[in-house]
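Peer 1: what would the 3D arrangement of this be:
(chains A and B)
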2 protein chains.
Amino acid sequence: MGDQGNIVTKPQDALANLLSKEMAQVNELISQRMASQYAPRIPEVTAHLINAGGKRLRPLLTLASASICGYTGGFHIHLAATVEFIHTATLLHDDVVDESAQRRGRPTANLLWDNKSSILVGDYLFSRAFQLMVDTGSLDVLAILSNASATIAEGEVLQLSASRDLSTNEEIYLQVVRGKTAALFSAATEVGGVIANAPKAVQTALFNYGDALGIAFQIVDDLLDVSGDPDLMGKNIGDDFRERKLTLPFIKAVAKSNADERAFWKRTIEKGDQQEGDLARALELLKTHHAIEDTRQDALQWSRRAQDALTPLPDHPMKALLATLATYVVERIT
Amino acid sequence: MGDQGNIVTKPQDALANLLSKEMAQVNELISQRMASQYAPRIPEVTAHLINAGGKRLRPLLTLASASICGYTGGFHIHLAATVEFIHTATLLHDDVVDESAQRRGRPTANLLWDNKSSILVGDYLFSRAFQLMVDTGSLDVLAILSNASATIAEGEVLQLSASRDLSTNEEIYLQVVRGKTAALFSAATEVGGVIANAPKAVQTALFNYGDALGIAFQIVDDLLDVSGDPDLMGKNIGDDFRERKLTLPFIKAVAKSNADERAFWKRTIEKGDQQEGDLARALELLKTHHAIEDTRQDALQWSRRAQDALTPLPDHPMKALLATLATYVVERIT
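Peer 2: Reported below is the predicted structural model:
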């Protein structure tokens, strides 16, 4: 891979190559456990989402963390499947909550079947995730992943009320982002260390890495929505503004707004009364208050925190790949 | 209580009296754990449902089972709260799935807030339930309740496809009923024995009791919908027929139907083309094929199975109350 000059392999693809045998076992376990003795709709709905070509980034993080910590048992496979099940369950519920029609370029399950199936199959996968954890026999793992699940749901509820509320500050934003993304990333990495019985400092390091990586990932996503190149991104600029989502750049601009600007945000975000030219003005305000540049600096800082967090980990080829991954997630904004 | 002649205390009220101190602790723990540091909507939605005057039958079953087995620790409180959280989470999701507007005589959470809040607060409570179980440190408890949760979700998905499908047989009906009711009853009783470290035979007996009690309970519910006294029940006859739900009496009648009757069921249940006089004809067919009487006998048999299951349990005042409870659930049809 590395000796072909400027053909650069993405770090997650390099991880997937190194972990291909384990990932095959994870996929096999997922297939087994998404089955249902009585309700064939469960594997149908699950397969639609789980075979849609997602990156499997979260299970890769678990497998890599366990490998770096020298784990030689078999339960990292269970944990990787657990993490993917929890992720899939939250996607099923998110698509109902957001009334989404597309995910990963395909119609969502709530559109193909119905909201009922998405809600109940999500519940089933969530239960199956806990059964997989019980199989590992580790109460520490169960504590970490049940805490993460609570943070995820709490973050999503918080987003319902916070996303259109101008009083939302950066602390609340961070909690929403932990729910949306970082809580499952940090649990995915931490449990890899826990199952390997790594020293406490290494477990904490893995948690901090996943947390910072997830936050960087989400901030970049929010940033690209207001500053990305539409041709490169394959999606429009300003979706978050149109959907009245107070992401980090907006929160920073609102915090610095004068009375006139505040009235503008109140009308467009809180009341949802948007007119032609409003998106242009919103983007202009982000620039005026350096909100885009400040958000960019935040993303870079979280990326550096992720890299720094890795220091206590033992040397390992995958440790370097995790560091590269933390650089990669902010590459589109550097 | 007992010496006031014909004032009969319901067995669940007698249990609640004997366990009032523990139930106060359960309610306190529920209040603590339904809190959310960031999202005030979570306790709002939860309190709406959890303080609506439900019978708290499931946590009472857990507390009673632990007491009968001589448990002297404190984790039965956690388990009772767990069971109530899982129950509340499923109610929140059920009301979205069934598009219900009322529960326990009050507007549902999905109506007062929205479907999004009901889905996500349900997910939060489900996670909190697992955190409570982790606190007990018992992997056996976690296995039992994650299995029960999977059975609940599977039964609900099954019901989506089975309830209007004339090929639904009694085996499938039983699985749906286990999901709707019996799985959480049997888990509630079993974990009471497990936390008390009761002999395996007693744990199994508690499971069998809860399973049979839950099934009897649900069959009686289905039966009253086609044969109850509307004045006593406070609800109409025939709701299940109108909602095209193939409950046990209908399954029995369909199984014995001739070609003409089958066409009737196909039109009214599968296609949902119901006309005036159809409910009367449906009820007539149930009588013709002794479907109501046969269903009644099934309910009585499950009630007896519940009572018989108690045999291996040690003598205890609450053991007698559990037996009375099994009689009480079928009282309205005897």
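Peer 1: mind pulling up the pLDDT for the residue nearest the centre of chain A?
Peer 2: Of all residues in chain A, the one closest to the mean position by Cα atoms, centre = their mean is residue A:181, 3.1 Å from it. Looking at residue A:181, its pLDDT stands at 94.
Peer 1: likewise for residue A:286?
Peer 2: 96.
Peer 1: thinking it is in contact with residue A:292, fair?
Peer 2: Yes: using Cβ atoms under 8 Å, residue A:286 makes contact with residue A:292 at a distance of 5.2 Å. Every C-beta, even on glycine, is put in place using the N, C-alpha and C of the backbone.
Peer 1: helices or strands next to the helix ranked longest in chain A in the packing?
Peer 2: Using DSSP state H, we find that the single longest helix of chain A is helix A:200-227. Judged by 3 or more Cβ pairs under 8 Å, 6 or more residues apart in numbering or on different chains; DSSP states H and E, helix A:200-227 is in contact with helix A:170-177, helix A:183-195, helix A:239-242, helix A:248-255, helix A:291-309, helix A:317-328.
Peer 1: so which of those comes closest to residue B:174?
Peer 2: With Cβ to Cβ as the criterion, residue B:174 lies closest to helix A:183-195 of the helices and strands packed on helix A:200-227, at 36.2 Å.
Peer 1: ok, the residue nearest to residue A:10 when sequence neighbours are not counted - contacts?
Peer 2: Sequence neighbours aside, residue A:328 is the residue nearest to residue A:10 in space, at 6.5 Å (criterion: Cβ to Cβ, 6 or more residues apart in numbering or on different chains). Residues near residue A:328 by Cβ atoms under 8 Å, 6 or more residues apart in numbering or on different chains: A:10-12.
Peer 1: at 10 Å what do you get?
Peer 2: Neighbouring residues of residue A:328 by Cβ atoms under 10 Å, 6 or more residues apart in numbering or on different chains: A:8, A:10-12, A:213, A:217, A:303, A:321.
Peer 1: from residue A:303, how far out is it?
Peer 2: 9 Å (Cβ to Cβ, to the nearest Å).
Peer 1: returning to what we had before: would you single out the least confident of the helices and strands packed on helix A:200-227?
Peer 2: Looking at the helices and strands packed on helix A:200-227, the weakest mean confidence is helix A:239-242, a mean of 92.
Peer 1: in that helix, what's buried?
Peer 2: A:240-242 (16 or more other Cβ atoms under 10 Å in any protein chain shown).
Peer 1: shaky segments in chain A?
Peer 2: In the predicted model of chain A, residues A:1-8, A:229-235 satisfy pLDDT under 70.
Peer 1: overlap in contacts of residue A:286 and residue A:292?
Peer 2: A:226-227, A:249, A:252-253.
Peer 1: surely residue A:84 touches residue A:31?
Peer 2: No: between residue A:84 and residue A:31 there is no contact under Cβ atoms under 10 Å: 11.5 Å.
Peer 1: which residues are in contact with both of the two?
Peer 2: Contacts common to residue A:84 and residue A:31, judged by Cβ under 10 Å, 6+ apart, are residue A:50.
Peer 1: the more surrounded of these two?
Peer 2: Shown here are residue A:84 and residue A:31; by other Cβ atoms under 10 Å in any protein chain shown, residue A:84 has more neighbours (28 against 15).
Peer 1: could you report the neighbour count for residue A:22?
Peer 2: Residue A:22: 21 neighbours (other Cβ under 10 Å).
Peer 1: quick check on it: phi, psi?
Peer 2: The phi and psi values for residue A:22, taken as degrees, to the nearest 10, are phi -70, psi -40.
Peer 1: how close does it sit to residue A:325?
Peer 2: 17 Å.
Peer 1: swap in residue A:135?
Peer 2: Residue A:135 sits 28 Å away from residue A:325, going by Cβ to Cβ.
Peer 1: who's more crowded, those two?
Peer 2: residue A:325 (25 against 18).
Peer 1: is it true that the more buried one touches residue A:16?
Peer 2: No: using Cβ under 10 Å, residue A:325 makes no contact with residue A:16, being 11.5 Å away.
Peer 1: what do these two both touch?
Peer 2: Joint contacts of residue A:325 and residue A:16 (Cβ under 10 Å, 6+ apart) are A:10, A:57, A:60, A:64.
Peer 1: so what's the third one up against?
Peer 2: If a contact means Cβ under 10 Å, 6+ apart, then residue A:60 has A:11-13, A:15-16, A:18-19, A:22-23, A:26, A:80, A:83-84, A:188, A:318, A:321-322, A:325 as its contacts.
Peer 1: the same query, at a cut-off of 8 Å, please.
Peer 2: Residue A:60 touches A:12, A:15-16, A:19, A:23, A:80, counting by Cβ under 8 Å, 6+ apart.
Peer 1: do residue A:181 as well
Peer 2: Taking Cβ under 8 Å, 6+ apart, one finds A:214-215, A:217-218 in contact with residue A:181.
Peer 1: quick check: residues of the stretch 101-250 of chain A near chain B?
Peer 2: A:115-117, A:119-121, A:123-124, A:126-128, A:130-131, A:133-134, A:137, A:139, A:142-143, A:146-147, A:149-150, A:152-158, A:160-161, A:172, A:175 (Cβ under 8 Å from any Cβ of the partner chain).
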